[in-house]
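**Student:** Based on what follows, work out the 3D shape:
(one chain, ligands or ions: 3)
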Amino acid sequence: MAGGRAGVADLCGPRLLNAAHKLSSADLKAALGNEARALGFDSVGVTDPDAIADAGWRFREFLEAGAHGDMDWLAASPERRADPRVLWPGVRSVIVLGVNYGPDENPQAILAQRMRGAISVYAQGDDYHDLIKKRLKALARWLVATSGGEVKVFVDTAAVMEKPLAQAAGLGWQGKHTNLVSREFGSWLFLGAIFTSLDLPRDDTDTDHCGSCRACLDICPTAAFPAPYKLDARRCISYLTIENKGPIPREFRKAIGNRIYGCDDCLAVCPWNKFAQAGREAKLSARDELRAPSLADLARLDDAAFRALFAKSPVKRIGRGRFVRNVLIAIGNSGDRALIVEAERLLDDESPLVRGAAVWALSQLMGRGEFAASATRVMKTEPDDTVRAEWGLAGMNANP
Ligand code: B12
Ligand code: SF4
Ligand code: SF4
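**Tutor:** Ligands and ions are numbered 1, 2, ... in the order given. Okay, the predicted model is just below:
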């Protein structure tokens, strides 16, 4: 159903359909596709609630390996996540929807600009959760008004395995980087789902078109794929910079480069992006100030300025402390001594997370003698054990 438009909804608006109440299920599904597109969805398909049997045991394997790290919410109630019918016994069909958020420039170009921060494509505009949820609710209301039944809508945060459901509904396939790849939109599709008690005609499951390609596996800066189709989230920069609340483990700091919120490398190299087009939703497109922000400016954000800059953005969720931690890792990787002053100022920050990251940044930018002099001065007053430990470890690894 991801393709053409059927005539019925061109002739009948919701009110008329409601009055007629005699739509065949095929006509209803065609009308649903048209309504979804009118609401701004780019892809839509329908699947059976029990279409993702393999996802359940694979998900358990992922949890048993501890690959979810500290994402306890992901590990909670795996039985519900693995089976939509456990989440809601009334579900008869799952409608999966996609919104194209294709970038209008190469997301990897910013990685060479070491004095600027790279924010992943999905987070350069407004928060997709809010936008997609509104659209899902509107479509669900239309469905109920048109044909009755009960509905529930989900985007991202609920216990729903959106990628395998999307594959089963024909929107694309789970590539070796584990995300859904669409033949029309490449890597750049946000997903959402509507569960309904109506019995709608199913779409065909999409099949894997990765072939012998392994571009996404090879590009990953932190070797986060233990095998094709398997991700160890604990090594993924998206997890490390967004979900991880503590200091970024030392082994990943250099590899993170200037990625300050999420990572797009495995998505960006996928050859299927050659068919992708820039997204059509202005609210999701990149805000100019978030395309290539200067690290020096970001390091100066206080709480109020952070909230103002990231109003309505998904970045706001991680808070100023975690964000400035990420900026300091990028400053440490910048190779630019002009940024020493920014990191030095943050040695007095009220957040130990920020102070610890500032120590590491300085260890990367200063010579060993200079760093040791700072350590002697600051350690006299540093109250936090984790930050003191950073001074000790960073001193051993500082530049000669
Ligand atoms: C937790 C989570 C994360 C975690 C873990 C990611 C992961 N791959 O699991 C972290 C924080 C790392 C993350 C990162 C990102 N995420 Co995220 N994330 C989620 C979330 C909330 C749950 C995903 C989940 O269930 N993971 C558990 C694992 C076990 O499930 P899985 O990935 O489907 O694993 C399957 C494969 O491993 C497969 N498998 C295993 N072995 C084998 C063997 C073979 C042969 C085969 C064929 C398959 C196979 O089976 C498993 C079960 O289906 C979803 C939203 C949702 N509710 O679904 C968004 C979601 C997946 N994220 C999304 C995005 C955009 C991202 C990022 C691109 C953001 C960024 N730019 O930084 C990165 C991409 C990183 C990556 N390579 O995956 C989008 C993806 C859209 C799409 N087109 O697929 C989603 C769907 C959100 C949304 N609503 O749009 N994310
Ligand atoms: S998002 Fe980046 S770090 Fe995470 S798996 Fe993909 S390439 Fe690796
Ligand atoms: S980069 Fe290659 S292996 Fe990875 S998802 Fe795309 S086609 Fe599949």
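
**Student:** what about stretch 366-381, distance to the chain center?
**Tutor:** Stretch 366-381 sits 38 Å away from the centroid of its parent chain (C-alpha atoms, centre = their mean, to the nearest Å).

**Student:** Could you give the backbone dihedrals for Phe195?
**Tutor:** The phi/psi pair for Phe195 (degrees, to the nearest 10) reads phi -90, psi 140.

**Student:** what bridges to it?
**Tutor:** Val94, Lys152 (DSSP bridges).

**Student:** That one against Trp88, yeah?
**Tutor:** Yes - using C-beta atoms under 8 Å, Phe195 makes contact with Trp88 at a distance of 5.5 Å. In short, each C-beta sits where N, CA and C put it, glycine included.

**Student:** Tell me which residues touch Leu63, please.
**Tutor:** Contacts for Leu63 (C-beta atoms under 8 Å, 6 or more residues apart in numbering) come out as 74-75, 78.

**Student:** Next, give phi and psi for it.
**Tutor:** phi -70, psi -40.

**Student:** oh, and call the first residue 24 from now on, that's how I've got it
**Tutor:** Let's use 24 as the start, then, which means that last one is Leu86.

**Student:** ok, and the closest non-adjacent residue to the residue in the stretch 224-373 of the chain that ligand 1 sits nearest to?
**Tutor:** As assessed by C-beta to the nearest ligand atom, ligand 1 sits closest to Gly285 within the stretch 224-373 of the chain, at 2.8 Å. Excluding its sequence neighbours, the residue lying closest to Gly285 (C-beta to C-beta, 6 or more residues apart in numbering) is Ser143, at 3.1 Å.

**Student:** cool, Arg115 as well?
**Tutor:** Ranked by C-beta to C-beta, 6+ apart and with sequence neighbours excluded, the top spatial neighbour of Arg115 is Asp222, at 4.9 Å.

**Student:** now do Glu266
**Tutor:** Nearest residue to Glu266, sequence neighbours excluded (C-beta to C-beta, 6+ apart): Met94, at 5.7 Å.

**Student:** quick one, what contacts that neighbour?
**Tutor:** 256, 262, 266.

**Student:** wait, the second one sits on Gly92?
**Tutor:** Yes - Tyr262 is in contact with Gly92 according to C-beta under 8 Å; the separation is 6.0 Å.

**Student:** If you count surrounding residues, which of these two has more?
**Tutor:** Per other C-beta atoms under 10 Å, whichever of Tyr262 and Gly92 has more neighbours is Tyr262, with 23 against 17.

**Student:** mind checking the SS state of the more buried one?
**Tutor:** Secondary structure, DSSP: H, G, I helix; E, B strand; the rest coil: Tyr262 is helix.

**Student:** count of residues packed around the closest residue to it other than its chain neighbours?
**Tutor:** Excluding the flanking residues, the one nearest Tyr262 by C-beta to C-beta, 6+ apart is Ala256, at 4.4 Å. Close neighbours of Ala256, defined as other C-beta under 10 Å, add up to 20.

**Student:** In this structure Ala256 contacts Asp93, no?
**Tutor:** No - look at Ala256 against Asp93 with C-beta under 8 Å: they stay out of range, at 9.4 Å.

**Student:** Can you name every helix or strand that the helix or strand containing Glu393 contacts?
**Tutor:** Secondary structure from DSSP states H and E places Glu393 in helix 391-402. Applying 3 or more C-beta pairs under 8 Å, 6 or more residues apart in numbering; DSSP states H and E, one finds that helix 391-402 contacts helix 375-388, helix 408-420.

**Student:** among those helices, which is the most enclosed?
**Tutor:** Greatest average neighbour count among the helices and strands packed on helix 391-402 goes to helix 375-388 (a mean of 25), per mean count of other C-beta atoms under 10 Å.

**Student:** now that one against helix 408-420, angle please.
**Tutor:** Calculated by axes from the mean of the first three to the mean of the last three C-alpha atoms, to 10 degrees, helix 375-388 forms an angle of 10 degrees with helix 408-420.

**Student:** For Cys233, give its distance to Ser210.
**Tutor:** Remark: distance between Cys233 and Ser210 (C-beta to C-beta, to the nearest Å) = 12 Å.

**Student:** which non-adjacent residue is nearest Gln300?
**Tutor:** Nearest residue to Gln300 in three dimensions, chain neighbours excluded: Gly125, at 5.5 Å (C-beta to C-beta, 6+ apart).

**Student:** Number of residues surrounding that neighbour?
**Tutor:** By the measure other C-beta under 10 Å, the count of residues near Gly125 is 20.
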